[in-house]
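Asks: Got a sequence here, can you model it:
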Amino acid sequence: MKTLFEQELRDLFGDGTIVHKPIFIGRTCFGTLGGDLRVRIEFDDPAVLRNYDSLSVKVINRLSGLVDHIDLPIVDLIGRKMIPDNPNFPDGVAPHIWIYNGTVEWYGYKPNAADRAAIRSTVAQYLNMFREPFLEPVKIHPSSPKRKQRDSISR
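Replies: Below you'll find the model as predicted:
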């Protein structure tokens, strides 16, 4: 049986484009970045016990250990969310998963497709810092002004 944590991580990273070869266990997603680099992404509750309000993203070298780590508060990624027809949250709610009376669920607001895209984008930007770069040579066409300027200078 999949937990809500696992389902959310599958929705975010299950296609393998951001985290290659993803594996999901509980509230954690494991995968590869290339070479000896691995990634571990999990819902974390750094401030309030059983209120999972951030994603912890770790880049790990499988031979030498932790390379880098970042905590991404969900509210920083998608903002506070208004809950229509609910006077208890006049300023909106900071999205998070909580465990209450043995039930795991989103508290007040469940992220939509646009929210998930924002989360994916931020995690991808972070992880791209650790991927092997694929450099392509800069091509300068003979008609390029920079090329003409170099030719005139070298004469």
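Asks: now the helices for the chain?
Replies: Under the criterion DSSP state H, helices of the chain are mapped to 4-13, 74-78, 113-128, 145-154.
Asks: can you list the ones you listed in a markdown table and add mean pLDDT and distance to residue 21?
Replies: To be clear about C-beta, it is placed using only N, CA and C from the backbone, and glycine gets the same treatment. A markdown table is the format used below for the helices of the chain (pLDDT from 0 to 100; distance: least, C-beta to C-beta, whole Å):
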| stretch | mean pLDDT | distance to residue 21 |
| --- | --- | --- |
| helix 4-13 | 95 | 11 |
| helix 74-78 | 96 | 24 |
| helix 113-128 | 95 | 14 |
| helix 145-154 | 44 | 42 |
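Asks: give the contact list for the residue most central in space within the chain.
Replies: Residue closest to the average C-alpha location in the chain (C-alpha atoms, centre = their mean): residue 123, at 2.2 Å. Under the criterion of C-beta atoms under 8 Å, 6 or more residues apart in numbering, the contact list for residue 123 reads 12-13, 18, 41, 55, 57, 72.
Asks: So which of the helices of the chain is nearest residue 102?
Replies: Among the helices of the chain, helix 4-13 comes nearest to residue 102, with 12.4 Å by C-beta to C-beta.
Asks: Which of the helices and strands in this structure ranks last by mean pLDDT?
Replies: In the chain, no helix or strand scores lower on mean pLDDT, DSSP states H and E than helix 145-154, which sits at a mean of 44.
Asks: Mind pulling up the pLDDT for the closest residue in space to residue 69 that isn't next to it in sequence?
Replies: Residue nearest to residue 69 in three dimensions, not counting chain neighbours: residue 58, with 4.7 Å by C-beta to C-beta, 6 or more residues apart in numbering. Residue 58 is assigned 98 on the pLDDT scale.
Asks: cool, residue 102 as well?
Replies: With respect to pLDDT, residue 102 scores 87.
Asks: Could you do residue 50 as well?
Replies: Predicted confidence (pLDDT) for residue 50: 80.
Asks: Based on its surroundings, how many neighbours for it?
Replies: Residue 50: 11 surrounding residues under other C-beta atoms under 10 Å.
Asks: repeat for the one 10 residues further on
Replies: Counted with other C-beta under 10 Å, the burial measure for residue 60 works out to 18 neighbours.
Asks: in the sheet, who's paired with it?
Replies: residue 38, residue 66 (DSSP bridges).
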